[in-house]
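K.L.:
any chance you can model this:
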Amino acid sequence: MKLKIILLILLTISFVGCKKHVSFHFPKNQKKVEIPFQYQEGAMISSVVIGQDTLKCIIDTGSNITLLSNDFGHGISNKTKRSFDFLGIEKNLHTTVLKEMQWKELTVKNLECAISDLSKSGVDVLIGTDILRFFCTTINNSQSKIILSRRRDTITDKNYIEVPLKRNGGNIYIQGELFKKKDTIIFNKKEVSLLLDTGFHGEISMPLNKEIKKNSMESSWKEPASSLFSNSNILRRYNLLDFKLGNKIFKDVIVAYSQRKNKNVILGAVFMSHFESITIDYRNKKVFFALPKNSKMGSGFDFTKDTLIAKTISYFNLLSHKINSLGVDFTSEYPFKINALSKNKAFTKVSIGDTLVGINNLFFDKRALSKAKVANKIYIGDKKIKRLLELYNATHQKVEVDFHFLKNGKLITEHLKRDYKFKKSPTLFYSFLPVNTNWGYFITHFQKDKNRNYTLHLPYSTVYGEKVTIQAYRKGKKMTISNKP
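P.N.:
Below is the predicted model:
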């Protein structure tokens, strides 16, 4: 009887002003549910069913309330809840009570959620900690699953980092240290409390202040705010710092700084992608970061050491866009528009929002083709896949690129050369994600085996900044692989 009462308390909560209680239901005799997800552009994407609609959702541990797109809002009440976005911009959002939502095997009833415009996120629902905090929540990267359990299973793998968590409302925070190390000297050491936020598509984000402005940075960018309630562009600076979490030091973590009202230091999805799994034990106030298994391939990854240099594909992707970069980012769908510009390069002729009409001798626009004074110029405007691949190869593989734009009837060309600022370590990068062999900046991948549960990748020398040759095995055969394109 006592056990039934305890479970009822754990899985039921009362909202002030609501006539019914939110409740969560597992299939009969199940103690946990496993929910598949995929990483898309750094976001954890899953799906839910509301009524007859299957809706795309994002899993966001940084939001203390579940949000529903205003396109699917129904029964909106006069009651409001205060919500803050990434920049600290505040809004009062109207609420609604969902009679039932099905998240794979989990049934959620009478959930009070807020109504918001989620069009910029590309989803219909944002799952917040008002659901997650009632469970022991495991983000299993190796299996691409969210596991919601009524209690934490015994952790058998000894190679993990255990840190205490603090709760503030529905949000959770952990402690860590950031510092810069040159040779044997450590400076700018700072202990920080970090909000665990899978909704942030980076490693670490910090608010910019006068003290930090004095420090030298690897790069500065004018880019979209990535904020729920803001459409503005902001100046964001990037630096490489060492980060101590528990008893492990992670080398060259990418830290983004921006001017914002929200003073939280944020630990994002790109950093979390380094771990086989992350278990958030809300009840016992602990977080467990499980490290991958060791690998002897190439220079080798040893995750039992105190200092870790191993990096993931998602880290390298962020690095090649913001530090070892050409200085410009574009939207991912045609027509390709400038999404962000590096302040390290002197852009005087183009600005954010300008449309790309050509790359090197290839053109998407017939007007631009007629104006171009380029040898062997080719029109590919009617070839959708070809356009996308050329942009991807230019931004992810090339050292130097000519980007063409049409402004006020004039053809403008920006000749850009890639920066190389990252230390040449490690040689290989790893990933739990499904491997896309069409990605322009990875020359090969290695099959999974019983000694590891991730794949290894060698980036092209044009982006990495160094030529590398290694011995590898493919389908049981030994071969020599070079990262020269």
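K.L.:
got the residue ranges for the strands in the stretch 351-485 of the chain?
P.N.:
356-359, 362-363, 378-379, 400-407, 410-417, 429-431, 442-445, 455-459, 469-474, 477-482 (DSSP state E, counting those that start in this stretch).
K.L.:
which other residues reach the fourth one?
P.N.:
Read it as strand 400-407. By C-beta atoms under 8 Å, 6 or more residues apart in numbering, the residues outside strand 400-407 that reach it are 326, 328, 349-350, 354-360, 363, 365, 367-368, 371-372, 374, 394-395, 411-418. All C-beta atoms are positioned from the backbone trio N, CA, C, and that covers glycine.
K.L.:
can you tell me which of those are buried?
P.N.:
Neighbour counting over these (16 or more other C-beta atoms under 10 Å) leaves 326, 328, 350, 354-360, 363, 365, 368, 371-372, 374, 394-395, 411, 413-414, 416, 418 as the buried ones.
K.L.:
okay, now Lys120: neighbour count?
P.N.:
If you count neighbours by other C-beta atoms under 10 Å, Lys120 ends up with 14.
K.L.:
and if you look at Leu267?
P.N.:
One way to gauge burial is a neighbour count; for Leu267, by other C-beta under 10 Å, it gives 27.
K.L.:
which ones are touching it?
P.N.:
Leu267 is in contact with 174, 176, 194-197, 200, 203-204, counting by C-beta under 8 Å, 6+ apart.
K.L.:
what about Lys222, is that helix, strand or coil?
P.N.:
Classification of Lys222 by DSSP: H, G, I helix; E, B strand; the rest coil places it in strand.
K.L.:
quick one, strands of the stretch 201-350 of the chain?
P.N.:
So, for the stretch 201-350 of the chain - with DSSP E, counting those that start in this stretch - the strands run 204-207, 219-224, 233-245, 248-258, 265-267, 277-281, 286-290, 307-308, 311-312, 328-330, 338-342.
K.L.:
next one: the stretch 1-150 of the chain
P.N.:
With DSSP E, counting those that start in this stretch as the criterion, the stretch 1-150 of the chain has strands spanning 12-13, 22-25, 32-36, 38-40, 43-50, 53-59, 67-69, 80-84, 90-103, 106-116, 125-127, 136-140, 145-149.
K.L.:
what about this protein, any weak spots by pLDDT?
P.N.:
Segments of the chain classed as low confidence (criterion: pLDDT under 70) are 1-19, 73-75, 154-157, 183-187, 211, 297-300, 433-452, 473-476.
K.L.:
switch to 50 and redo it
P.N.:
Confidence mapping of the chain against pLDDT under 50 gives the ranges 1-18, 437-440.
K.L.:
got the domain boundaries for it?
P.N.:
Here the domain parsing of the chain from automatic domain parsing is 2-149, 160-321, 328-417, 429-482.
K.L.:
can you give me the end-to-end span of the shortest one?
P.N.:
Spelled out, that is domain 429-482. Distances were taken as C-alpha to C-alpha, to the nearest Å; on that basis the terminal residues of domain 429-482 are 15 Å apart.
K.L.:
and if you look at the third one?
P.N.:
Domain 328-417 has its terminal residues 10 Å apart, counting by C-alpha to C-alpha.
K.L.:
quick one: contacts for the nearest residue to Asp365 once chain neighbours are set aside?
P.N.:
The shortest distance from Asp365 to any residue other than its chain neighbours is 4.0 Å, reached at Val357 (C-beta to C-beta, 6 or more residues apart in numbering). Contacts of Val357 were listed using C-beta under 8 Å, 6+ apart, and they are 363-365, 367-368, 404-406, 411.
K.L.:
do you know how far Val357 is from Lys410?
P.N.:
Using C-beta to C-beta, to the nearest Å, Val357 is found at 11 Å from Lys410.
K.L.:
isn't Ile249 up against Asp306?
P.N.:
Yes: between Ile249 and Asp306 there is a contact under C-beta atoms under 8 Å: 6.2 Å.
K.L.:
between the two, point out the one with more neighbours.
P.N.:
Ranked by neighbour count (other C-beta under 10 Å), Ile249 and Asp306 place Ile249 first, with 18 against 8.
K.L.:
who's that one bridged to?
P.N.:
Taking DSSP bridges as the rule, Ile249 bridges to Lys244, Thr307.
K.L.:
next up, the contacts around it.
P.N.:
Neighbours of Ile249 in contact, by C-beta under 8 Å, 6+ apart: 242-243, 306-308.
K.L.:
so in this structure, which helix runs the longest?
P.N.:
Longest helix in the chain by number of residues, with DSSP state H as the criterion: helix 384-397.
K.L.:
which helices and strands does that one pack with?
P.N.:
Contact partners of helix 384-397 among helices and strands, from 3 or more C-beta pairs under 8 Å, 6 or more residues apart in numbering; DSSP states H and E: strand 328-330, strand 356-359, strand 400-407, helix 461-464.
K.L.:
to Ile59, which of the ones you listed lies closest?
P.N.:
Among the helices and strands packed on helix 384-397, strand 328-330 comes nearest to Ile59, with 24.7 Å by C-beta to C-beta.
K.L.:
partners of the closest one, with directions?
P.N.:
Sheet pairing for strand 328-330, assigned by DSSP bridges, gives strand 338-342 (antiparallel).
K.L.:
returning to that earlier point: could you pull out the buried residues of the longest helix of the chain?
P.N.:
Neighbour counts over helix 384-397 (16+ other C-beta under 10 Å) mark 387, 390-397 as buried.
K.L.:
take that helix, keep the C-alpha atoms, and write them as CSV.
P.N.:
Backbone C-alpha positions of helix 384-397 (Å, rounded to 0.1, in the frame of the first residue of the first chain) are rendered in CSV as follows:
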residue,chain,number,x,y,z
LYS,A,384,18.5,21.1,-56.8
ILE,A,385,20.8,18.4,-55.4
LYS,A,386,23.8,19.8,-57.3
ARG,A,387,23.2,23.3,-55.8
LEU,A,388,23.1,21.9,-52.3
LEU,A,389,26.2,19.6,-52.7
GLU,A,390,28.2,22.5,-54.1
LEU,A,391,27.4,24.7,-51.2
TYR,A,392,28.1,21.9,-48.7
ASN,A,393,31.4,21.1,-50.3
ALA,A,394,32.4,24.7,-50.4
THR,A,395,31.7,25.4,-46.8
HIS,A,396,32.9,22.0,-45.5
GLN,A,397,35.8,21.2,-47.7
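K.L.:
what sits against the closest residue to Phe243 other than its chain neighbours?
P.N.:
Closest residue to Phe243 apart from its sequence neighbours, by C-beta to C-beta, 6+ apart: Val253 at 4.3 Å. The contact partners of Val253, by C-beta under 8 Å, 6+ apart, come to 178, 203-204, 240-243, 271.
K.L.:
now with 10 Å, please.
P.N.:
The neighbours of Val253, taking C-beta atoms under 10 Å, 6 or more residues apart in numbering as the test, are 176, 178, 202-204, 239-245, 267, 270-271, 274, 311, 315.
K.L.:
what is the neighbour count of Lys484?
P.N.:
As a burial measure, the neighbour count of Lys484 was computed by other C-beta under 10 Å and equals 11.
K.L.:
surely it meets Thr462?
P.N.:
Yes: using C-beta atoms under 10 Å, Lys484 makes contact with Thr462 at a distance of 8.4 Å.
K.L.:
one step back: got the strands of the stretch 1-150 of the chain as a markdown table, with distance to Ser425 columns?
P.N.:
As requested, the strands of the stretch 1-150 of the chain are arranged in a markdown table below (distance: least, C-beta to C-beta, whole Å):
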| stretch | distance to Ser425 |
| --- | --- |
| strand 12-13 | 48 |
| strand 22-25 | 45 |
| strand 32-36 | 34 |
| strand 38-40 | 24 |
| strand 43-50 | 28 |
| strand 53-59 | 32 |
| strand 67-69 | 40 |
| strand 80-84 | 38 |
| strand 90-103 | 41 |
| strand 106-116 | 42 |
| strand 125-127 | 37 |
| strand 136-140 | 27 |
| strand 145-149 | 32 |
